[in-house]
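J.: here is my input, please return the structure:
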Amino acid sequence: MKVTFIHAADLHLGTPFKGLGEVSPWLRKRLIWANFEAFRRLASLAREADMLLLAGDLLETGLPHLRARLELVRAFEALAGEGTRVFLVAGNHDPYSFWRTISLPAGVYLFSPQGETVEVILGGSRVSISGISHGGKGVRENLVFRMAPAEGDLRLALLHAYLQGQEGHDPYAPCSLGDLVSRDFNYWALGHVHGVQVVMEDPWVVYPGNLQGRHPGEEGQKGCYRVVWDGGDFGVEFCPLSPVVWTTRTLSPEGVEDSEGLVDLLEALKEEVRWRGGTLLRVILEGPSPLHSVGDEGWNQLEEMLNEAEDREDFVWITLEDRLLPPLDLEELVRQEEFIAQLVREAGVLKGMVKEVSLEGELGLLWRRRDVTRWLGELGEEVGTELVDEALRKALVFMLGER
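T.: Below is the predicted model:
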């Protein structure tokens, strides 16, 4: 009765990393193969499943893709030999016309742009898989209602689409959650959005994200979903596969007076994020600091020093983004600008109120909120004035940083 399948999407095999700048030859080679390594891990996991569902954008048109095509086809052949069926749809980066130039092995089913349903028997259960491919690169039509209706004990839908409300993605094949729910499917295996997301559980509406983050905006572990259906309930488990992860940290080097102190701070941060795989660490330096005048050449030298010993399996390769400001000279700012002078005066008044019972009256309805008073009610005079000072500092930093 049990049926197991792997749901993955957006492999983008063979596409390069972005946002790194110069890296060592060792790391360059590691990154070139990272995407392929993630795919090999996917294929290995799929060998233990009944089916592999791939929801589009496996390859990219317009790129040198010979190696990527060979990797893909060979993996499909190996899966067919293990008895794992593969079902895939074309996405906006690899439309159906592109796939027609590739000879897919037996055991791999590519859904057409007209929409189709395939039925298989697994563990004594009727399993139907419905899918529809993108016919071209800029599909703006809602494809949900062109998908063939399905029957069977387990009804799966395979679609590369933009679900309304997802930020940062082009609205190709747009649809709403209501559109999906209105159809009689148990599990929507979606692709296109690169973030890992279970949108809904009844029916299941799932984005597995891509296999390997390729730029700073694709942070954290990437991978696929392993789904087990026992005839009634679903077990849905995310499986991390990416050999290299991106992570971003924001650092305010307050109290650090020189580059030596900053190096100590950054070395400690590297060890904090280091794990058994490789890490691409972007550090945003922000706030007032004596180091604001280091300059591009200085930051480049600092990056080189921090990265020179990182040719190792658990590497942490660091890039620095300078958003530092000159140290705040509050007295000078007050003399120069009336608005800032008024802001400082208001902060002084608020600190005086912290010491008085009248603060309760000034805060009014906010103070009567149970979730607020549970926290604010425990503040002593010292902590309260520190919070006002910190709020003033952040306001001044924000104002100066916007100039």
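J.: now do the helix or strand hosting residue 128: which elements does it pack against?
T.: Residue 128 belongs to strand 125-131 when elements are defined using DSSP states H and E. On a contact count with 3 or more C-beta pairs under 8 Å, 6 or more residues apart in numbering; DSSP states H and E, strand 125-131 meets strand 51-55, strand 85-89, strand 116-122, strand 154-160. To be clear about C-beta, it is placed using only N, CA and C from the backbone, and glycine gets the same treatment.
J.: note down every partner strand of that strand and its orientation.
T.: In its sheet, strand 125-131 lies beside strand 116-122 (antiparallel), strand 154-160 (parallel), with partners assigned from DSSP bridges.
J.: how far out from the middle of the chain is it?
T.: Centroid separation between strand 125-131 and its chain, computed with C-alpha atoms, centre = their mean, to the nearest Å, is 30 Å.
J.: what's the neighbour count on the closest residue to residue 181 other than its chain neighbours?
T.: For residue 181, the nearest residue in space outside its immediate sequence neighbours is residue 203; the separation is 6.7 Å by C-beta to C-beta, 6 or more residues apart in numbering. By other C-beta atoms under 10 Å, 17 other residues sit near residue 203.
J.: any idea how far residue 177 is from residue 203?
T.: Plainly put, residue 203 is 10 Å away from residue 177 if you go by C-beta to C-beta, to the nearest Å.
J.: what does residue 143 give?
T.: When C-beta to C-beta is applied, the distance between residue 143 and residue 177 equals 15 Å.
J.: how does this protein divide into domains?
T.: With domains defined by automatic domain parsing, the chain comprises 3-242, 245-325, 331-401.
J.: mean pLDDT added to those domains, as a markdown table?
T.: Listed next are the domains of the chain as a markdown table, based on pLDDT from 0 to 100:
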| stretch | mean pLDDT |
| --- | --- |
| domain 3-242 | 92 |
| domain 245-325 | 89 |
| domain 331-401 | 58 |
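J.: what's the most buried one of those domains?
T.: domain 3-242 (a mean of 19; mean count of other C-beta atoms under 10 Å).
J.: can you give me the helices in the stretch 251-400 of the chain?
T.: With helices called from DSSP state H, counting those that start in this stretch, the stretch 251-400 of the chain shows them at 259-273, 295-307, 330-336, 338-354, 358-363, 365-368, 370-376, 381-401.
J.: same check, this time on the stretch 1-150 of the chain
T.: 25-46, 66-82, 96-99.
J.: what's the angle between the first one and helix 295-307?
T.: Going back to what we said before, that points to helix 25-46. Orientation note: helix 25-46 sits at an angle of 60 degrees relative to helix 295-307 (axes from the mean of the first three to the mean of the last three C-alpha atoms, to 10 degrees).
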